[in-house]
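Enquirer: generate a structure from the sequence data that follows.
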Amino acid sequence: MKNKFYQYIQNLQDQIVAGLEAVDGQAKFKEDLWDRPEGGGGRTRVIENGKVFEKGGVNISAVHGKLPETMCQLFNVGEADFFACGLSLVLHPKSPMVPTVHANWRYFEMYDDNGNVIQQWFGGGQDLTPYYLFEEDATHFHQTCKTACDKHNPEFYPKYKKQCDTYFWNAHRNEARGIGGLFFDYCKATEQMSMENWFNFVSEVGNSFLQAYVPIVEKRKNLPYTTEQKTWQEIRRGRYVEFNLVHDKGTLFGLKTNGRIESILMSLPPHVQWVYDHHPEAGSDEEKLLKVLEKPVDWV
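Expert: Predicted structure coming up:
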């Protein structure tokens, strides 16, 4: 399963990078191969200063070795060996009219002393963070997520949408990071779902990513915007940074397993503002976004 999934994310990385380069029309992703001293490594691909994307990364990694002590405590196990691989992406567009997007699909295994797999699971999801809300974009993104889920189980979309809303909650700000999408974790074999079934589900969601995001980018990338709207985008990007550094489990896992710092912090936008006690004008588009972030919306 680990070889199958690693092969899948390598192909998916190629596919997504090609799709995003086409929509940008100017910049190309730069590749950076790296090794992790304790075992494994990755293939980071970064785009910067494009026509559409100010900064973004589509990264894959496969790491293995002794499970760090902090993670042993988290999983409540003694010493163990592990293998983890995944694809992680974040895209920060130049235009405030185009939303930021994040996605991740991952697989994890743990072994006993004889190298037998004792635990294995999938996780992942994708979510959208607009700066200006176009309701039809939110509906399109969620409908694409739902269509992918429904092919496997009609209960998946409502369940994983709710988990996404819960997970991407900036508790210290009492608001959502964005308008959500899907979030699933610890997807283990059950009587209903074999690991093969989970693989099929996760790859279905991964394959739906470009379809969920690219039509939104195409629709919004040439809209005009003002300096004030760019400032608003940078203020909202600050909230994105706060979530990633304060709450995000992926960031934490990377830091605690001696992951590659440049790849882990690739999710951070290049230009951000923190303005003291900032409040948008009453009745403005900016305020409209904040109202939506106060509590989750059922987009489909």
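Enquirer: can you tell me what sits against whichever strand or helix holds Lys146?
Expert: Secondary structure from DSSP states H and E places Lys146 in helix 135-150. The list of residues contacting helix 135-150 from outside it, by C-beta atoms under 8 Å, 6 or more residues apart in numbering, reads 99, 126, 128, 130, 156-157, 160-161, 179-182, 201, 204-205, 207-208, 211-213, 215-216, 219-220, 297, 299-300. Quick note: C-beta positions are derived from backbone N, CA and C, even for glycine.
Enquirer: helix or strand next in line after that helix, which one?
Expert: Remark: after helix 135-150, the chain's next helix or strand is helix 156-167, criterion DSSP H and E.
Enquirer: pLDDT wise, what is the residue sitting nearest the centre point of the chain at?
Expert: By C-alpha atoms, centre = their mean, the chain has its centre lying nearest to Ala103, at 2.6 Å. Ala103 is assigned 98 on the pLDDT scale.
Enquirer: and if you look at the one 3 residues further on?
Expert: Listed pLDDT for Arg106 reads 97.
Enquirer: surely it forms part of a helix?
Expert: No - assessed with DSSP: H, G, I helix; E, B strand; the rest coil, Arg106 is strand; it does not lie in a helix.
Enquirer: wait, doesn't it sit right on Gly124?
Expert: Yes - counting by C-beta atoms under 8 Å, Gly124 is a contact partner of Arg106 at 5.8 Å.
Enquirer: list residues touching both of the two?
Expert: Jointly contacting Arg106 and Gly124 under the rule C-beta under 8 Å, 6+ apart are Gly86.
Enquirer: buried residues in stretch 255-264?
Expert: Neighbour counts over stretch 255-264 (16 or more other C-beta atoms under 10 Å) mark 257, 259-260, 263-264 as buried.
Enquirer: what is the nearest of those residues to Glu287?
Expert: For the buried residues of stretch 255-264, the closest approach to Glu287 (C-beta to C-beta) belongs to Ile264, at 33.5 Å.
Enquirer: tell me the helices and strands packed up against the helix or strand bottoming out on mean pLDDT in the chain.
Expert: Sorting the helices and strands of the chain by mean pLDDT, DSSP states H and E puts helix 69-75 at the bottom, at a mean of 79. On a contact count with 3 or more C-beta pairs under 8 Å, 6 or more residues apart in numbering; DSSP states H and E, helix 69-75 meets helix 249-256.
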